[in-house]
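In: Need the 3D shape of this:
(chains A and B)
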Amino acid sequence: MAGGGGGEEDLNLVPYMDIMVNLIMFMLVVTAYIIELRQAPVLAPSYSSSPSGGASEKPKPYLTVAISSKSFALLGSTAEVPAQEIPKQGDKYPYEELAQTLRAYKAQYAVSENMVLTADATVPYSVLVATMDATRGSAKEPLFPGVTLGLAVTK
Amino acid sequence: MTSTPAAEPVEAVNSDDELLFFRRKHKQAKDLVAGLNLTAMMDIMTILLVYLIKVYAEAPESITLNDDLRPPSSTAPENLVPSVSILISKSSVLVDSKLTLRLKPGGEIDAEDPSNAYAPLSKALAGRVEAIKYIADNGGSPFDGNLMIIADQDTPYDLISNVLYHAGKAQFTTYRLVVQKGGGSNP
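Out: As a prediction, the model looks like this:
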């Protein structure tokens, strides 16, 4: 609104534009650092004999996946479901092999969709989450979407 | 002789006015073509700014990533539901942003009495439950037992397991592990 004289003059938008550009730059930088978060639900431990907590029906056998520093160990809750060990491949945990083995177990034995996941005391959290990803399966082919965390195994 | 020079300036002023008017008219017309139209640009800027503010406001939990706290990546599909949170970094454990436990390197609790190391955590969680129930009794939303665990990717399982155990004792029944959206880490 410079002037104020006789003639009509346009609003000077340049300072306003400067503020807007600075604000947008700031917001763009800030939003770039906002990480997108998701959540992986975990069932609370129950005191029933099975993590599925079946009421009157005979509960289905369930699987326990134990993570050690050397391997994955699959354990069944009954003798019908055999145990199996999947050793680490070098420094890497074999998540794909674990998923395939779990798929085979699910197809072969009538196991519950809820499973127990436990680990050695020193196993890092990232390994636990990656194992949960492997045991969850995909949206098209879910494996064991319900996971109950067990207490850490200490030596 | 004196009237002629006086008449000439009046005629000159008139012609200057005309010239000025003519120049202004042409300048305005020229400006219309050559000048940048800032109004449209302002519209774009305003829309961008509103969008960015909305994105920023919708971020449910603001977590500052640093070497102390970096949650693992996961393919978990569920969106975050805000609730009571336990944040486990490399150096401390916080309940709803309040410092509860200090950790030594490696995840061991830095406490004077190791047999009672988790007592401050139990107390903090019980206090949160009590506060939520008090709010619920006075017209607030009921206590749903949900708990968010935001932990660093290198946190040992022993610490996670013990924290969940004490959360269970404080009547939390549903645990949600907060992870970064991603293709899943392969540690």
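In: And the residue nearest the centre of chain A?
Out: By C-alpha atoms, centre = their mean, chain A has its centre lying nearest to A:Ala40, at 4.4 Å.
In: That residue - nearest residue in space that isn't next to it in sequence?
Out: Among residues not flanking A:Ala40 along the chain, B:Ala76 sits closest, at 3.9 Å (C-beta to C-beta, 6 or more residues apart in numbering or on different chains). Glycine gets a C-beta too; all of them are placed from N, C-alpha and C.
In: right, and that neighbour touches A:Arg136 too?
Out: Yes. Using C-beta atoms under 8 Å, B:Ala76 is in contact with A:Arg136, at 7.5 Å.
In: for chain A, what spans make up the helices?
Out: Using DSSP state H, the helices of chain A run over A:14-32, A:95-108, A:125-136.
In: Sorry, slip of the keys, the one I care about is chain B.
Out: Going by DSSP H, chain B shows helices at B:3-34, B:38-58, B:119-137, B:157-169.
In: lowest-confidence helix or strand of chain A?
Out: In chain A, no helix or strand scores lower on mean pLDDT, DSSP states H and E than strand A:37-43, which sits at a mean of 82.
In: Now for the residue nearest to the centre of chain A: which residues touch it?
Out: A:Val129, A:Met132, A:Arg136, B:Ser74, B:Ala76, B:Glu78, B:Arg176, B:Leu177, B:Val179 (C-beta atoms under 8 Å, 6 or more residues apart in numbering or on different chains).
In: okay, the angle between the longest strand seen in chain B and helix B:157-169?
Out: Taking DSSP state E as the criterion, chain B has its longest strand at strand B:174-181. Here the directions of strand B:174-181 and helix B:157-169 differ by 140 degrees (axes from the mean of the first three to the mean of the last three C-alpha atoms, to 10 degrees).
In: any residue of strand B:174-181 up close to chain A?
Out: Yes. Counting by C-beta under 8 Å from any C-beta of the partner chain, chain A has neighbours in strand B:174-181: B:Thr174, B:Tyr175, B:Arg176, B:Leu177, B:Val178, B:Val179, B:Gln180, B:Lys181.
In: show me where pLDDT drops low in chain A?
Out: Chain A contains residues with pLDDT under 70 at A:1-9, A:44-57, A:155.
In: An error on my part: the question was meant for chain B.
Out: In the predicted model, chain B carries pLDDT under 70 at residues B:1-16, B:19-35, B:59-62, B:183-187.
In: care to break it down by domain?
Out: Following automatic domain parsing, chain B resolves into domains at B:12-59, B:62-181.
In: residues contacting residue 64?
Out: Using chain A here. Each residue near A:Thr64 by C-beta under 8 Å, 6+ apart is listed here: A:Leu74, A:Leu75, A:Gly76, A:Ser77, A:Met115, A:Val116, A:Leu117, A:Thr118, A:Gly150.
In: now do B:Asn79
Out: Residues near B:Asn79 by C-beta under 8 Å, 6+ apart: A:Arg38, A:Gln39.
In: What residues are recorded as beta-bridge partners of it?
Out: Beta bridges link B:Asn79 to A:Arg38, judged by DSSP bridges.
In: Can you tell me which of the domains of chain B is most buried?
Out: domain B:62-181 (a mean of 17; mean count of other C-beta atoms under 10 Å in any protein chain shown).
In: Distance to A:Glu97 added to the contacts of A:Ala40, as TSV?
Out: Conversion of these to TSV gives the following (distance: C-beta to C-beta, whole Å):
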residue	distance to A:Glu97
A:Val129	18
A:Met132	16
A:Arg136	16
B:Ser74	19
B:Ala76	21
B:Glu78	26
B:Arg176	28
B:Leu177	23
B:Val179	22
